[in-house]
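1. Sequence first, predicted coordinates after that:
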Amino acid sequence: MKFFIINSGSSSIKYQVIEMTTETVLATGMVERIGDAIGRLKNAFFPGTENERESVLEQAIPDHDCGMKLVIALLTDREQGIIGDTSEIGAIGHRVVHGGEDFRESTRITPAVIEAIKRNIPLAPLHNPANLDGIRVAMQIFPAVPQVAVFDTAFHQTMPPRAFLYAIPYALYEQDRVRRYGFHGTSHRFVASECARLLDKPLTVCNLITVHLGNGCSMTAIEGGVSVDTSLGMTPLEGLVMGTRSGDVDPALHLFLQRNKGMDLEAIDGLLNKESGLKGLCGMNDMRDIHRAVAAGDARAALALSVQTYRNRKYIGAFMAVLGRVDGIVFTAGIGENDPIVRAESLKGLEAFGIRLDREKNDQRSQEARCISREESTVSIFVIPTNEELAIAREVANVVRG
């Protein structure tokens, strides 16, 4: 059975077609620059195999409806497509960023679910409308195919009130649902399950700290297989230092910038989300560029690396206090999987907590899940590649099976 996995953004559509009997990716691609003068559809059939075939199409793509139809036309093309017609798609999974408190798990999409996603637009005004565009178009093209919403926030709905509440007037939570929600839940859930497998333990008895480091970054404390705390908050701005996002700052910074720099709230929001983080500190948000600059003696690049890894280390220590006992620390996503320097610096000085990194294992390049801690380490350290599309597909399979 083939599943179609869709991640619809404000001006893009990422997708995969997965053969679920073998969990093999048959096609992967992205439609980007939707609404611009010239859009782009990049697709790969049988990616990562000797039969891989790539193609790029550039033309005006005015809206998501046009973008999705271009993808379907490519997938069903008689000469090079990988499905005969749309009836071969057994189910469709949609990544939805914000489910608020309405959704604790993935769910089949109904009119009531669509209305609930709309109600949560104030919590994710940039993301939920785009996710709804993808759902709307897919339901038009595949009216008879089961469609499932998989929420970034759902995994974190197990957090207790002491972890998700902010110390502000309680009425703001009661009336407006102002609280910590957390994101990257699909990734954290996936790598936690893989870590339990590597530890040869049931996930329900594992205490883990999962560290998702990419352009966006988050960390989650997982107790007995469920999320009990996470670094991202009501929005994806709180917590760790990210590529262009500040992470934790004093909330009074907003008033300071308004009074002293004449900035309005929109400008401040743009500053903290798009011009801060690593980019704000050194002008670069790609960690590879930062490492090259550090090697060339750039002091600001070295400072940015130090600030980010210090924040990582501080959160690891905090989440160890939350959990009490930790079986494993997992690094994942683009930086977490591929950057031995960031991993080493993020764990530096934590030996007193039983964390012992094997430098040689850490420096080895590999695309496989692996343990990088020393034998005497009481906390196992892992690098586990995330696969959010496969995680979404597995969620879809669970929902379809009921």
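-> Received the coordinates, thanks. Numbers count the residues shown, from 1 in each chain.
2. what about the strands in the stretch 301-402 of the chain?
-> 328-332, 370-371, 380-383 (DSSP state E, counting those that start in this stretch).
3. Tell me which of those sits most buried.
-> strand 328-332 (a mean of 27; mean count of other C-beta atoms under 10 Å). Every residue, glycine included, has its C-beta placed from N, CA and C.
4. helices or strands up against that strand?
-> helix 185-199, strand 207-213, helix 340-347, strand 380-383 (3 or more C-beta pairs under 8 Å, 6 or more residues apart in numbering; DSSP states H and E).
5. just the angle between it and helix 185-199, please?
-> 130 degrees (axes from the mean of the first three to the mean of the last three C-alpha atoms, to 10 degrees).
6. Contacts only, for residue 248.
-> 238-239, 311 (C-beta atoms under 8 Å, 6 or more residues apart in numbering).
7. That one and residue 233, how far apart?
-> 9 Å (C-beta to C-beta, to the nearest Å).
8. Now for those two: what residues contact both?
-> If you check residue 248 and residue 233 against C-beta under 8 Å, 6+ apart, the residues they both contact are residue 239.
9. circling back: make CSV from the contacts of residue 248 and add neighbour count and distance to residue 222 to it.
-> Listed next are the contacts of residue 248 as CSV, based on neighbours: other C-beta atoms under 10 Å; distance: C-beta to C-beta, whole Å:
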residue, neighbour count, distance to residue 222
238, 20, 19
239, 23, 16
311, 20, 20
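10. Identify, from the residues you listed, the entry nearest to residue 201.
-> Nearest to residue 201 among these is residue 239, at 27.6 Å by C-beta to C-beta.
11. still on that earlier bit, out of the contacts of residue 248, who's nearest residue 178?
-> Closest to residue 178, out of all of those and judged by C-beta to C-beta, is residue 238, at 12.5 Å.
12. Name the residue closest to the centre of this protein, please.
-> Taking C-alpha atoms, centre = their mean, the centroid of the chain lies closest to residue 184, which sits 3.6 Å from it.
13. And that residue, how far from residue 269?
-> 21 Å.
14. And for residue 67?
-> 28 Å.
15. can you check residue 131 too?
-> Residue 131 is 20 Å from residue 269, by C-beta to C-beta.
16. neighbour-wise, which of these two wins?
-> The neighbour comparison of residue 131 against residue 269 (other C-beta atoms under 10 Å) goes to residue 131, with 25 against 14.
17. Can you tell me the element the more buried one falls in?
-> Per DSSP states H and E, residue 131 falls inside helix 128-141.
18. The helix or strand following that helix packs against which elements?
-> Later in the chain than helix 128-141, the nearest helix or strand by DSSP H and E is strand 147-151. Counting contacts by 3+ C-beta pairs under 8 Å, 6+ apart, strand 147-151 is packed against strand 89-96, strand 107-108, helix 128-141, helix 388-401.
19. list the buried ones in stretch 336-346?
-> Across stretch 336-346, burial judged by 16 or more other C-beta atoms under 10 Å covers 336-343, 345-346.
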